[in-house]
Every structure is written in structure tokens, then in C-alpha cells.
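> Structure for this input, please:
(one chain, ligands or ions: 1)
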Amino acid sequence: MSELISTDPSNGKEVGRVVMTDVEAIAEMVAVARVAQVGWAALSFAERALILNRAGALLVERAEAIGALGSQEMGKPLGECQGEAKYAAGLFATDLEEMREAYADVVTENKRVRTTVVRDPHGVAVCIAPWNFPILMPHTQVLPALAAGNAVLFKPSERAPLTGQAYADALLEVLPEGGMQVVHGAGDQGKALVEADVDLVVFTGSRAAGVHILNQAGKDLKRVILELGGKDPMIVLDGANLDKAAVFAARNSFGNAGQVCVSTERIYVADAVHDAFVAKLIEAAKTTEIGPMVDARQKAHVVAQLERADAQGAVVAWRGERNDGNYLAPVVLTGMGHHMEMAHDETFGPLACVFRVTSDAEAVRLANDTVYGLGAVVFGESVHARQVARQLKAGMIGVNQGLTSTGGTPWVGAGQSGYGFHSGVEGHRQFAQVRVLNERR
Ligand code: NAD
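As a prediction, this is how the structure comes out:
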């Protein structure tokens with residue numbers, strides 16, 4: 001029986017440990033899920049929602065403790081991680097209301113035929129989560145899967161297993177036996193889950209693992225929903241409010257130590273405002289609080305990218321102070337060019353990388369010069385900024401703000417940032433199989 005030991009990236013101390021799931025045990029877990037799924041799907045949506053809302057209430061009570069655990073396991077500042085836990089717990093009621101609409105029958109009639117579009121569960125769903133939002137990411141996968149009537153095998157990240165388990169515990173306490181099971185481990189367990197006799201694979205994580213999963217799932221045409229990495233651009237136009245743009249750029253480049261799928265990874269700034277923007281960005285950077293990187297491997301990846309950018313002519317315009325252990329001092333880089341690796345490969349670290357551009361057309365061309373397409377942000381005078389925003393090939397675009405929406409909208413990646421998507425009525429529906437029933441009237 002091997003154990004997964006979770007350590008605190010700020011000091012290397014053990015936070016706790018879980019028993020790793022034996023990959024040989026996964027087939028039996030799927031068989032248990034298959035039996036349980038029949039009973040779970042036989043409940044009405046309202047009955048399932050009542051049960052799931054009880055888990056939401058437990059999570060509200062436990063949010064501070066779960067957030068504190070998440071902060072210890074993956075290094076996000078305490079208040080931010082507790083905020084994430086409270087946010088996820090608070091989503092249950094509104095999400096379930098949206099899911100009721102998503103999965104409800106839709107009836108249409110003409111003189112001769114009555115057609116009912118129904119949305120049935122796929123069956124057994126696998127949910128594989130990353131560590132960077134150790135509560136919110138599982139939530140966006142597990143809740144729609146269960147609400148639609150699927151049984152779930154949930155694998156938290158090996159870098160935040162205790163937080164994933166704590167989130168799952170609230171559900172395990174209210175769900176019927178076998179409705180959800182937790183699989184602990186890393187890539188081997190993830191691969192075994194994808195290869196198992198399951199019907200839906202829901203994955204949030206890196207593009208590389210997403211490609212592997214899609215190839216594997218394609219062998220027997222399993223349904224997949226993949227939310228993958230990004231290389232989000234930000235464009236600062238001449239005419240932008242530079243104070244607001246700089247504060248946003250610092251917050252979105254350095255937040256969660258840059259380990260966010262929609263972190264600002266590339267900043268294209270109009271020549272006319274470049275120097276003024278960089279000066280304000282440095283001022284804003286000085287006020288940002290960041291925790292350690294998740295582990296030494298992630299820090300080494302970012303340091304290696306930085307060294308290669310340095311060798312290719314990037315200029316360190318500012319560097320923060322704390323650089324010990326898994327902490328990586330945040331950096332503002334200027335003189336960036338598209339020949340650099342850092343213009344194309346996801347960094348996932350606390351770097352603000354500034355590229356000087358001489359026209360809107362150049363900004364748009366470079367912003368779109370990526371295989372990714374998750375988020376993008378434009379700051380500028382509003383009509384101008386909107387015109388530029390419409391030309392960007394991202395799934396989610398912010399104009400003079402981040403990606404916050406009025407709510408109920410999909411979380412969606414274009415290009416190689418996603419394959420399928422979740423959230424919003426359209427997203428929830430991907431967790432169900434649509435069928436069409438036609439009756440003679
Ligand atoms: P990762 O791909 O290394 O791991 C994610 C999960 O998949 C983990 O649970 C891991 O054990 C498992 N896994 C790894 N290889 C697998 C395989 N071949 N088959 C099945 N499972 C496998 O990613 P990570 O380091 O945990 O997370 C960071 C990545 O996630 C970044 O690329 C980030 O941009 C992305 N991300 C995307 C979103 C989004 O909404 N699009 C949100 C958060 C994170």
C-alpha cells in the first residue's frame with residue numbers, strides 16, 4: 001500500500017498523506033459506480049438537487065478549514081484560498097438551479113408530432129482535476145456530472161490530494177453508496193481511469209495531458225470534456241487608462257504566483273504608451289502579495305524559461321525580492337519578442353512579459369500567434385478596445401476588465417485550450433446525453 005505525502009510548499013513540511021489507489025482496483029470501482037448510477041439516475045432532478053444542496057451546506061460550514069488546507073498544500077495565500085472555498089460552496093444553489101434548466105425536457109409540437117428532447121446521464125463519469133484551484137476546479141467538474149445523474153470517479157491532483165478529499169467528503173456524506181468515489185494518485189491513476197470502462201472523461205489540466213487523454217478516449221469514442229492550458233494575451237492600446245491597465249496586468253500576471261490558466265502571460269503595449277505603462281506596471285507589481293510556487297519542479301520550469309529568455313535578449317525591468325525555497329521572485333520583463341519560447345509555451349509563473357507593438361494589426365497578429373485560445377484582455381478607449389477584442393481568437397475576452405461575466409456563461413477555451421467546455425446551461429448539457437423522442441399526436 002503506497003501513500004501520497006502532501007507537503008507545504010512554503011516550508012517543505014508534511015501536511016498529511018493519503019493512500020494511493022491501486023490502478024488494479026479501478027475496474028472494480030467502475031463496476032461499483034455502474035450499479036450505483038442506476039439508482040442515482042432513477043431519482044428525479046429535484047431529489048438529486050436536494051441531496052447535493054446538503055453537501056453545499058456542509059461545504060459552507062467547512063469552507064474556512066478547507067481553504068486553509070488548500071493554502072497549505074499548494075501555497076496560495078490563505079485569504080485567497082479560503083475565498084475560493086467559500087465561492088465554490090456558495091455556488092451550489094445557483095448552479096443547481098441552472099442545471100435544472102439545462103437538464104429539463106424540452107417539448108415541441110406540431111399538428112402531427114410531439115417531440116421531447118430529453119437529457120439522460122452518460123453513465124459513469126471520470127473527473128480529473130488540477131491543483132491550482134484545488135476546490136473550484138473539482139466543483140466545476142463533479143457537480144454537473146452528479147446533477148445530470150452520472151456516478152463519479154473523482155481524482156484530485158496529486159499536488160492537492162487532501163483538499164480534494166475534503167471537498168469530496170462533503171459529497172460522500174450525503175450521496176448514496178458508490179455515487180461518487182475518490183481515486184488518489186498521479187498520471188498512472190489518471191491514465192487508468194481514462195482507459196477504464198467509463199462513459200465520460202472530464203479533465204482540467206495541461207494541454208499535453210489533454211492530448212494524451214483525447215487519443216486514449218478516441219479508441220472507444222468516449223465522451224470527453226477538456227479544459228486545458230493557456231497563453232493569455234493582454235493588449236494595451238494608445239488611449240487606455242494606464243493606471244487601471246497596469247494594476248490589472250500586475251494582479252493577473254502575479255496572482256496565485258502566475259499559476260492560473262487565465263493568467264496574463266503576454267502583454268502587447270502600443271509604442272506610444274509603452275514606457276509609461278511599464279513604469280506603472282512596476283509600481284503595481286511592488287504591491288502584489290504572492291505565495292510560493294506549488295513545488296520545486298514548477299519553479300525550475302519557470303526559472304529555465306526565464307534564463308532562456310534572458311539569453312535571447314529579454315530585459316529584467318524589475319524583480320521582486322523573495323526567491324528562497326519554492327518562492328520565485330516576480331519579474332517584469334521587457335524587450336520580449338516572438339522568437340522567444342516564452343511567447344509560445346505556457347509559463348505558469350509570476351512573470352509579466354511586455355512586448356512593444358507599433359499598430360493594432362501587429363498586436364492582434366501576435367496575440368493570435370499561439371495554439372492556445374483560452375482568455376484575452378484588451379484595455380483601451382471602449383469602442384476601439386471592443387473592435388480589437390472582436391478580432392482575438394480566444395474563448396473568453398475581457399474589455400477594460402478581466403474575464404468576469406454577468407454569470408451563467410460558459411467557461412470555454414478556443415483553439416487548443418479546450419475541447420468541449422463546462423459551466424452555463426450550454427456547458428452543463430455536455431454532462432448529459434441528448435435524446436429525441438417523437439410521438440404521433
Ligand atoms: P496536469 O495536466 O499535469 O495534471 C492535471 C491532472 O491530470 C492531475 O490530476 C494529474 O494527476 C492528471 N494527469 C496527468 N497526466 C495524465 C494523463 N496522461 N491521463 C490522465 N490524467 C493525467 O496539470 P496540472 O499541473 O495539475 O495543472 C496545471 C495545468 O492546468 C495548466 O496547464 C493550466 O493552464 C491548466 N488549467 C486549465 C484550466 C481551464 O479551465 N482551462 C483551469 C485550471 C488549470
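> is any part of the helix or strand where Ala304 lies close to the ligand?
Ala304 is part of helix 296-311 when elements are defined by DSSP states H and E. No - against the ligand, helix 296-311 shows no contacts by CB under 6 Å from any ligand atom, the least distance being 7.7 Å. No exception for glycine: its C-beta is placed from N, CA and C like everyone else's.
> what number of residues lie near the residue nearest to Val260 when sequence neighbours are not counted?
Once flanking residues are discounted, Val260 sits nearest to Asn132: 6.3 Å by CB to CB, 6 or more residues apart in numbering. Other residues within reach of Asn132, judged by other CB atoms under 10 Å, total 25.
> now swap in Gln181 and tell me
The burial count for Gln181: 22, using other CB under 10 Å.
> Would you tell me what helix or strand it is located in?
Taking DSSP H and E as the criterion, Gln181 maps to strand 180-182.
> and the residue of the protein nearest the ligand?
For the chain and the ligand, the shortest gap (CB to the nearest ligand atom) falls at Gly190, measuring 2.1 Å.
> ok, and what's touching the helix or strand harbouring that residue?
Per DSSP H and E: Gly190 is located in helix 187-195. Contact with helix 187-195 is made by 20-21, 23, 26, 126, 128, 153, 155, 183, 201, 209, 212-213, 216-217, 222, as judged by CB atoms under 8 Å, 6 or more residues apart in numbering.
> how does it look with 7 Å?
Residues outside helix 187-195 that contact it (CB atoms under 7 Å, 6 or more residues apart in numbering): Thr21, Val23, Ile26, Val126, Ile128, Leu153, Lys155, Val183, Val201, Ile213, Gln216, Ala217.
> picking that back up, my read: the residue nearest to Val260 touches Asn256, true?
Yes - contact criterion CB atoms under 7 Å: Asn132 and Asn256 qualify, at 6.4 Å.
> Would you tell me which residues of the protein are close to the ligand?
Counting by CB under 6 Å from any ligand atom, the chain comes close to the ligand at 128-133, 137, 155, 157-158, 186-187, 190-191, 194, 204-206, 209, 212-213, 227-230, 261, 346, 348, 374, 411, 413.
> Buried ones from the residues you listed, can you make that a ChimeraX selection?
The ChimeraX selection below is limited to those of the residues of the chain next to the ligand classed as buried (16 or more other CB atoms under 10 Å):
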select :128,129,130,131,132,133,137,155,157,158,190,191,194,204,205,209,212,213,227,228,229,230,261,346,348,374,411,413
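> Now do the helices in the stretch 1-150 of the chain.
26-42, 45-74, 78-103, 136-147 (DSSP state H, counting those that start in this stretch).
> Run the angle between the second one and helix 26-42 for me.
An angle of 140 degrees separates the directions of helix 45-74 and helix 26-42 when computed by axes from the mean of the first three to the mean of the last three CA atoms, to 10 degrees.
> Check the offset of helix 45-74 from the chain's centre.
18 Å (CA atoms, centre = their mean, to the nearest Å).
> Contacts for stretch 336-347, please.
The contact list for stretch 336-347 (CB under 7 Å, 6+ apart) reads 229-231, 258, 265-266, 302, 305, 308-309, 312-314, 353-355, 366, 369-370.
> so of the residues of the chain next to the ligand, which ones are in strands?
With DSSP state E as the criterion, strands contain Ile128, Lys155, Thr204, Glu227 from among the residues of the chain next to the ligand.
> my read is Val316 is in a strand, agree?
Yes - under DSSP: H, G, I helix; E, B strand; the rest coil, Val316 sits within a strand.
> what are the bridge partners for it, then?
For Val316, the residues forming beta bridges with it (DSSP bridges) are Leu333.
> count of residues packed around it?
14.
> cool, and His428?
Residue neighbour count, defined by other CB under 10 Å, stands at 25 for His428.
> My read is that it contacts Leu143, right?
No - assessed by CB under 7 Å, His428 is found out of contact with Leu143, at 9.0 Å.
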